[in-house]
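Asker: What would the 3D arrangement of this be:
(3 chains)
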Amino acid sequence: MRLRTRLLSSSALWTAPLWLGIVLFYYAWALHSVTGTFSRPRAELHWAASVVLDATEHFYAFAYALAAALGAWEAGRIRKDGVWDLAPARSRYRIAAGVLAPTVAAASLMLVVPTAMALVEFRPALDPRALLPVAVGIALVCSFTVAGFAIGLRVPRAIAAPLLAAGGWYLVAFTVTYAEPAWPGNVLTQRWYLDFGAYLKGEALLMPVLFCGGIAAAIAVWWIRGPAPFVRYALRTVAAALAVLLATVSAGAANAWSIDPPATAGHAPETCTGRLPTVCMASYAGAADRLPQVRSSLVATLTGLREAGVEVAMPRSVRDTEGRPGGRSSDREWWLPLTRQVDRNDGRTVYVRYSAAMMAVRFPCRLPDSFGAAKEPAYIVNADAAKLWVARRAGVQEPFLKWRESQYQELENGDEVLAKVKERAESAERLRRDEQKEWYGRELAKACRLATGRPAP
Amino acid sequence: MIWWFKARRIPAVLLPLCAAFAVVLVLAYDWTATLPALASGSSTVRFLTFVPVIVVAALHHCLSQRLDAAEVLSRRPVPRYDVVLVLATVGFTVLAGLAVGALTGDDAARAVGRNVAFLTGLMLLAHRFVPQAAAGVPVGWVFLSVFAGSDAYRRPRFWSVLEHPAAAVPALVEALLCFAAGLAALALARPRTL
Amino acid sequence: MSVELDSVSFSYGRRKPRILDALSYTVPEGFTVLLGPNGAGKSTLLKLACGLNQPATGAVRLGPHTSRDRGFLTRVAWMPQNITAMTGLTAREQVAYTGWLKGMSRADAWDAAEAALDRVQLRDRAQVRTAQLSGGQLRRVGVASALVHDADVLLLDEPTAGMDPTQRRVFRDLIRTLATGEVRVLMSTHDVADLAEEADHVTVLTGGAVTFTGPTREFLAYAPAGTAGPRRAEAAYTAVASAGAVLH
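Answerer: Numbers count the residues shown, from 1 in each chain, chains lettered A, B, ... in the order given. Just a heads-up that it's a prediction; the model follows:
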């Protein structure tokens, strides 16, 4: 059949205003104006894999529902048109595939169109791995089409199509909110999300295909007309058993992920400059062009602090946590959210300097995580006075005080504590330079003593 | 009359699907999912919003089962029977919704009958003027209502009907008008050519 | 009383060409066969004659009734070219339903359905769902539906399509029986050879106009001399259809 004829006779064409409208309207309005997914500046908008998932996140359920509904409609159409009564020489699968091709195309376009629009809009560097989720989505579209077609062979299309559209959409979209068990949302691709620099692992992509594809294949095999009944029943039994096995295995694997499908991080390329320290930032997070500024700010801050008497060694490297979560700072290698801090200031580096200043404050003990966990909660006055003094040396007292003010809201006498901290730091600044250095060391030690109940080493 | 019943597939299709509607209404009236909405980042979507599709689809299918030529040339008032069928079906959903709403105190359940009436009206109008789209129009409206039927403060827009509380008079009026228009299209329509 | 088409014109849409244009025709007494090439307007004429469609101009009458009147509907029976198989009904139920739609009581319609199916030799399939009948059987259900109520005029659109020779023979005998009474039968067909010889009258429609209507013997006279047997009707039809002018 000619392509034009196939398209003109397909329900995919006359429903196009509806499904294309959903895509264009949702992409243009919701993702930009309402949810803010594409309107807030985020590092993920520079990472192709994240952009693709953000663009398609809400369309998977639509695509599957459309595939199932149109599959059922087409099944009813060719039954009504008497196609099966024409004693076709071609295989039924071939005929069905031809009839369903526009349906698969339409539902796939619900994923492809927003992907393309987002990639054109944000122009991240493209990696084929970023498009794998869309490929998996298209595989699931095929599965849902097969299921819808099978239902449409039995159920009147005026009933099957609307129920599959509405019920199918709701039940698929609903799985994203369902955490126990977690596998329905995972095998129906409803929980895909990626941070900057991450890719979904192979198993996160494979399990949905195994689950839905296995079931669809079993349905398709059920339709077979073998040479002998025995062969037919044998094939059907094997296919059904295989589908059950695949569904069980994939659901089991998907359930183990809980609500976070497995992903690997740290793929985002980074740009580095300098030595001692070597400073690296994520290349495509939109801030790498500020790298020289960032490095010079870091170096200037640490140098200034050393001159003021703070004992801090220049780290060998400073790495950006953007796209590389889980990095743990050590004396030689610091992990700082450089990209996010540069963004926040529209290019200014006050927060970079702030992070560096706070990293330079080294207590001779491990301070508790919360006020209440300390031996003497009053430790916080000494600890914060020391930090405030360092922040002032680095010229970043504003962000420090803003942070501490918000933390002190937990305390009954937060204002009083803040006043004391400021008073201690200010009075230290009236000392001579060498005395300030000694004062700083004593504050660190006192804080540790009060917090832990043991003298500082 | 029994043959008209069977011709319209009332015992085979409509009654079982109305029963299914009632069962789903009772079992799933409080199902919700937090799903993306257009006006706000996300909204709580009731499963009940989709449940009317069961009955509307069944009605559409049943009304499409016709002996066209014989019924056009009929001395019996077949269009009137069809109108009564639609009224009885919608009436059943209204009663079912009110009953479930009264038992559970759920306002959305009380509104189900109104929503069925509205969507049935849309279906009948589409069936008359754009028959090809009659199966899709009610579903399309449900989706439209879910995604764009409320503003950023979760207030339903005047046109959405489905998202309004049961006691909302404007929504009730809109639903009744749409239903009445649909019934008129059903009662008065006669194919110009066959 | 007969169905009379008085200067009727009809098209399937405002901007579509007229299928029939100011056509006047009266269904003759007895059994009339309606012949014509595909697209000549035979089905359109029949649909107007039974009241299924209304003419754009002119009128269709049966005595004092027009095709919009209820009195018209009960006196005219129609069998369409395509018979719908109602999924939920058996053959007898579908025929009875048609009778009931024509105003018969339930009991009468039920009994008449059985009798009608008997007449078309489909009694043994009366309890079978119409969706499970073969094409020819479904067509006989259509014929039975047209016979179920006592109409004055029977309008049949290709009733013998899909019937085997034996069934066609039974059908012709049935129509002959009906047409010898008060009932007028107008039937379109492509089985020129079989049926034209059985009919009392022949009407030929070409390009939306009646190019011949008259007794069968007059029709057959158009066959070239020496043509005999089954080929005679065919030859006559060819001659009439290609003449292009009104011959009656």
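Asker: Residues of chain C that sit close to chain B?
Answerer: Within chain C, the positions near chain B by CB under 8 Å from any CB of the partner chain are C:12-13, C:47, C:50-53, C:70, C:73-74, C:76, C:78, C:80, C:84, C:86-89, C:93-94, C:96-98, C:100-103, C:106, C:145. In short, each C-beta sits where N, CA and C put it, glycine included.
Asker: go with 6 Å
Answerer: C:12, C:51-53, C:70, C:73-74, C:80, C:84, C:86, C:88-89, C:93, C:96-98, C:100-103 (CB under 6 Å from any CB of the partner chain).
Asker: all strands for the chain, in order.
Answerer: Answering for chain A, as no chain was given. A:199-200, A:263-264, A:270-273, A:278-282, A:317-320, A:333-336 (DSSP state E).
Asker: right idea, wrong chain: chain B
Answerer: Under DSSP E, chain B gives strands at B:32-35, B:43-46.
Asker: Which secondary structure elements does the last one sit against?
Answerer: Judged by 3 or more CB pairs under 6 Å, 6 or more residues apart in numbering or on different chains; DSSP states H and E, strand B:43-46 is in contact with strand B:32-35.
Asker: now the strand it packs on: mean pLDDT?
Answerer: Average pLDDT, strand B:32-35: 72.
Asker: got it, and stretch A:35-46?
Answerer: Rounded mean pLDDT across stretch A:35-46 is 75.
Asker: any residue of that stretch up close to chain B?
Answerer: Yes. Using CB under 6 Å from any CB, stretch A:35-46 reaches chain B at residue A:35.
Asker: For that stretch, list every residue counted as buried.
Answerer: A:35, A:37-38, A:42-46 (16 or more other CB atoms under 10 Å in any protein chain shown).
Asker: All the strands of chain C, in order from the start?
Answerer: Under DSSP E, chain C gives strands at C:3-10, C:20-26, C:31-35, C:57-62, C:65-66, C:76-79, C:153-157, C:184-188, C:201-206, C:209-215.
Asker: any idea which residue sits dead centre in the chain?
Answerer: Answering for chain A, as no chain was given. residue A:194 (2.4 Å; CA atoms, centre = their mean).
Asker: That was the other one, I meant chain C.
Answerer: residue C:156 (1.9 Å).
Asker: how near is it to residue C:183?
Answerer: Residue C:156 sits at a distance of 12 Å from residue C:183 (criterion: CB to CB, to the nearest Å).
Asker: Would you mind naming what in the stretch 101-250 of chain A lies close to chain B?
Answerer: Residues of the stretch 101-250 of chain A lying near chain B (CB under 6 Å from any CB): A:156, A:158-159, A:161-163, A:165-166, A:170, A:173-174, A:177.
Asker: ok, now with 8 Å
Answerer: A:156-159, A:161-163, A:165-167, A:169-170, A:173-174, A:176-177.
Asker: out of these, which are inside helices?
Answerer: Counting by DSSP state H, the part of those found in helices is A:157-159, A:161-163, A:165-167, A:169-170, A:173-174.
Asker: Rebuild those residues as CSV, extending it with neighbour count and distance to residue C:204.
Answerer: Formatted as CSV, these follow (neighbours: other CB atoms under 10 Å in any protein chain shown; distance: CB to CB, whole Å):
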residue, neighbour count, distance to residue C:204
A:157, 27, 42
A:158, 24, 42
A:159, 25, 47
A:161, 29, 46
A:162, 31, 49
A:163, 23, 52
A:165, 32, 52
A:166, 27, 55
A:167, 20, 57
A:169, 24, 58
A:170, 23, 61
A:173, 24, 64
A:174, 21, 66
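Asker: Now do the contacts for the residue nearest to the centre of chain C.
Answerer: C:46, C:78-79, C:143, C:146, C:185-188 (CB atoms under 8 Å, 6 or more residues apart in numbering or on different chains).
Asker: so who does residue B:178 touch?
Answerer: Counting by CB under 8 Å, 6+ apart, residue B:178 touches B:117-118, B:121-122, B:125, B:161.
Asker: coming back round to it: based on its surroundings, how many neighbours for the residue nearest to the residue nearest to the centre of chain A when sequence neighbours are not counted?
Answerer: Leaving aside its sequence neighbours, residue A:194 sits nearest to residue A:50 (CB to CB, 6 or more residues apart in numbering or on different chains; 4.7 Å). Counted with other CB atoms under 10 Å in any protein chain shown, residues neighbouring residue A:50 total 26.
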